[in-house]
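A.B. asks: Build me a structure from this.
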Amino acid sequence: MQIRNFGHFVVAGLLAWAMPATAQAQSQATSQARAQSPVQAQARDFQAQFDTTLGTQPRAPQTFHAIYENAFEQRIAELANGAKGRIGVAAVDLSTGQQISVLGDQYFPMASTSKIAVAATFLEGVEKGRWSLTSEFPLLLSRRSSPFSGKVAPVYEGQHMKAADLIEIMITRSSNPATDALLRVVGGPKEVTAWTRRAGIRDFSIDRDIATLVRDDGEFDPASHIDKRDSATPNAMLDLLTGLYQGKFLSAESRRVLLGAMSRTRTGTRRIPALMPAGVRVSHKTGSLNNTSSDIGILEMPDGRAVAVAIYVTGQGSRLNREAKIAQIARALHDGYAAQKAQRNFTGATHNGGQ
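C.D. replies: Numbering: from 1, shown residues only. Just a heads-up that it's a prediction; the model follows:
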């Protein structure tokens with residue numbers, strides 16, 4: 001597998017951040033220990049600077065000179081330019097293992113993209129016999145309360161629904177009451193985070209239920225501040241998508257339920273699916289909060305290939321602009337992987353023809 005990290009490409013126009021000497025020494029030591037290339041080291045150093053200060057200590061702008069291996073990499077880096085807000089991208093062609101990322105190891109608000117992990121945690125419980133898809137649970141509806149007025153936002157019970165239906169509306173319609181219903185069943189946000197750890201996924205954390213997350217939204221601007229609560233890295237979400245699609249985490253029946261719901265998602269029509277060519281099946285989950293929009297999912301091509309994609313966009317001036325950026329990046333990823341496949345086929349045919 002070739003792994004490329006292009007976090008340094010999107011530094012131009014973004015503020016560089018102060019970092020204590022001790023943290024800088026730790027970052028340099030880590031880079032040396034991992035024997036990274038200069039390009040990778042620059043990207044990780046910038047990541048360490050941003051994380052250490054949580055994006056709160058601006059200094060003079062700093063620009064890095066990008067070195068691209070091919071036009072595909074250059075196109076993704078250009079689209080994910082962070083001059084108007086941080087943009088994180090991670091994608092992998094599941095047939096070849098070729099991965100590409102921009103700020104793939106930096107934290108972004110998951111918003112409702114976390115609901116895939118909530119569903120997976122519940123479905124693991126189904127497989128272990130703790131409950132079933134026909135078990136009924138009440139929707140948890142939010143009561144009005146002032147932001148930050150309590151550690152947990154107040155909720156009340158609504159209509160009882162079968163678990164299968166709760167999963168369906170949680171994924172396809174991004175229902176918050178359905179999500180909080182299932183969160184309560186599995187034991188709360190900490191249990192979802194624990195499931196991801198058992199699955200081998202790091203850099204992922206759910207810390208609040210959805211009612212609380214939405215009530216207190218807007219505390220920070222994600223375009224310039226990293227809040228690790230209820231956040232994940234694009235690479236972590238790529239691991240989640242890949243493991244689910246490849247059957248590493250759940251049974252075939254559980255995968256059918258979850259991926260089937262993702263294929264019926266009604267939200268985000270202006271995001272990943274917007275510019276996809278005819279014949280591409282998109283199974284995805286969107287997320288939206290203050291000044292941030294996201295979409296993650298699987299692109300299944302007519303030729304049988306599958307590409308996992310995670311895109312997190314902050315800033316850009318408006319939600320419509322963020323959605324347009326997601327659509328552009330998703331199409332560029334599709335086209336880039338398709339071009340690489342065509343190149344491999346051409347090279348193979350040329351090689352075979354010369355024998």
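A.B. asks: Give me the neighbour count for residue 189.
C.D. replies: A total of 24 residues lie near residue 189 under the criterion other CB atoms under 10 Å. For glycine as for every other residue, the C-beta is placed from the backbone atoms N, C-alpha and C.
A.B. asks: Dihedrals phi and psi, it?
C.D. replies: phi -50, psi -40 (degrees, to the nearest 10).
A.B. asks: Not counting its neighbours along the chain, what's nearest it?
C.D. replies: Sequence neighbours aside, residue 206 is the residue nearest to residue 189 in space, at 4.0 Å (criterion: CB to CB, 6 or more residues apart in numbering).
A.B. asks: ranges for the strands of the stretch 101-250 of the chain?
C.D. replies: When assigned using DSSP state E, counting those that start in this stretch, the strands of the stretch 101-250 of the chain occupy the ranges 108-109, 136-142, 155-162, 204-205, 231-232.
A.B. asks: buried set for the second one?
C.D. replies: In terms of neighbour count (16 or more other CB atoms under 10 Å), strand 136-142 has its buried residues at 137, 138, 139, 140, 141, 142.
A.B. asks: Give me the sheet partners of that strand and which way each runs.
C.D. replies: Paired with strand 136-142 in the same sheet, following DSSP bridges, are strand 155-162 (antiparallel).
A.B. asks: Return the alpha-carbon coordinates of stretch 202-217 using CSV.
C.D. replies: Extracted in CSV, the C-alpha atoms of stretch 202-217 (Å, rounded to 0.1, in the frame of the first residue of the first chain):
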residue,chain,number,x,y,z
ARG,A,202,-7.7,5.3,16.8
ASP,A,203,-8.1,9.0,16.7
PHE,A,204,-11.8,8.8,17.1
SER,A,205,-13.9,9.9,20.1
ILE,A,206,-17.6,10.4,20.8
ASP,A,207,-18.0,12.4,24.0
ARG,A,208,-21.5,13.8,24.0
ASP,A,209,-25.0,12.6,23.0
ILE,A,210,-26.4,14.4,20.0
ALA,A,211,-28.9,16.5,22.0
THR,A,212,-26.0,18.0,23.9
LEU,A,213,-23.7,18.3,20.9
VAL,A,214,-26.3,20.3,18.9
ARG,A,215,-27.4,22.5,21.9
ASP,A,216,-23.8,23.6,22.6
ASP,A,217,-22.8,23.9,19.0
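A.B. asks: List of residues touching that stretch?
C.D. replies: 105, 107, 110, 112, 114, 117-118, 140, 142, 145, 147-148, 151-155, 176, 179-180, 183-184, 188-190, 192-193, 196, 228-233, 235-237, 240, 289-290 (CB atoms under 8 Å, 6 or more residues apart in numbering).
A.B. asks: which ones are touching residue 283?
C.D. replies: Per CB under 8 Å, 6+ apart, neighbours of residue 283: 259, 262, 263, 265, 297, 298, 300.
A.B. asks: Next: residue 178.
C.D. replies: Residue 178 sits next to 139, 161, 166, 167, 169, 170 when contact means CB under 8 Å, 6+ apart.
A.B. asks: Same list, the strands of the stretch 101-250 of the chain, but as JSON lines with mean pLDDT and distance to residue 89 please.
C.D. replies: Formatted as JSON lines, the strands of the stretch 101-250 of the chain follow (pLDDT from 0 to 100; distance: least, CB to CB, whole Å):
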{"stretch": "strand 108-109", "mean pLDDT": "97", "distance to residue 89": "10"}
{"stretch": "strand 136-142", "mean pLDDT": "98", "distance to residue 89": "32"}
{"stretch": "strand 155-162", "mean pLDDT": "97", "distance to residue 89": "34"}
{"stretch": "strand 204-205", "mean pLDDT": "96", "distance to residue 89": "17"}
{"stretch": "strand 231-232", "mean pLDDT": "97", "distance to residue 89": "14"}
